[in-house]
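Student: mind looking at a prediction? Sequence and model below.
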Amino acid sequence: MSTARRERVTSPQTRIALARGVRGVRRPLPLPGPPDPELARRVFAAQRRALARTLGLLALVLFGTSGLIAALPALDRVTLGGVPVSWLVLAAATYPVLLVIAVLHVRTAERTAHAERARCPRHAGGTGRAAWAGPGTDGGGSAAAPPWTTEGGSS
């Protein structure tokens, strides 16, 4: 085995940059604000109301399941396939219900956002897309979605 020292090979530009000791500070790019702040506030308020309903339903399911098991101690004595029914209620009934609640909440939030956009007179024909005049447009507001959404820009 050779005892020669290994030499690090770098590009000339890297050597120059390392010799200067100047390293660029990485800063996150500023996030663009919403094109319509009033619409964003209305959507946020409507989605908060939906969130309050969802949290209430989640609390009802979780505390209700615990209350049911506490109120019916016989569920601990009854077994199904060697597993107490109280465990089955927790594992096999509660989590699917929580999943359904989560899916319904996401659908409600999306519907709320689309409904608020459709009610807004500034949006192009109620299509749910903001009339966005960004770089490369004539400033008159094209029907194209802004680049920070999934509908526009490159991804």
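Tutor: Sure, I can see it. None of the values given here were measured: they were computed from a predicted structure. Numbering: from 1, shown residues only.
Student: for the longest helix along the chain, name the packing helices and strands.
Tutor: Secondary structure of the chain per DSSP state H: the longest helix is helix 37-71. Applying 3 or more C-beta pairs under 8 Å, 6 or more residues apart in numbering; DSSP states H and E, one finds that helix 37-71 contacts helix 74-77, helix 95-119. Where C-beta positions appear, they are placed from N, C-alpha and C, glycine not excepted.
Student: and of these, who's closest to residue 38?
Tutor: Nearest to residue 38 among the helices and strands packed on helix 37-71 is helix 95-119 (10.2 Å), distances taken as C-beta to C-beta.
Student: what's the mean pLDDT across that closest one?
Tutor: Mean per-residue pLDDT for helix 95-119: 92.
Student: list the buried residues in it.
Tutor: Using 16 or more other C-beta atoms under 10 Å as the test for burial, helix 95-119 gives 101, 105, 108, 109, 112, 113, 116, 117.
Student: from residue 115, how far out is the residue lying closest to the fifth one once chain neighbours are set aside?
Tutor: Read that as residue 112. Nearest residue to residue 112, sequence neighbours excluded (C-beta to C-beta, 6 or more residues apart in numbering): residue 46, at 4.6 Å. From residue 46 across to residue 115, the span is 8 Å (C-beta to C-beta, to the nearest Å).
Student: cool, residue 100 as well?
Tutor: 22 Å.
Student: and for residue 95?
Tutor: 30 Å.
Student: reformat the buried residues of helix 95-119 as JSON lines; add distance to residue 66.
Tutor: JSON lines is the format used below for these (distance: C-beta to C-beta, whole Å):
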{"residue": "101", "distance to residue 66": "16"}
{"residue": "105", "distance to residue 66": "21"}
{"residue": "108", "distance to residue 66": "26"}
{"residue": "109", "distance to residue 66": "27"}
{"residue": "112", "distance to residue 66": "31"}
{"residue": "113", "distance to residue 66": "34"}
{"residue": "116", "distance to residue 66": "36"}
{"residue": "117", "distance to residue 66": "40"}
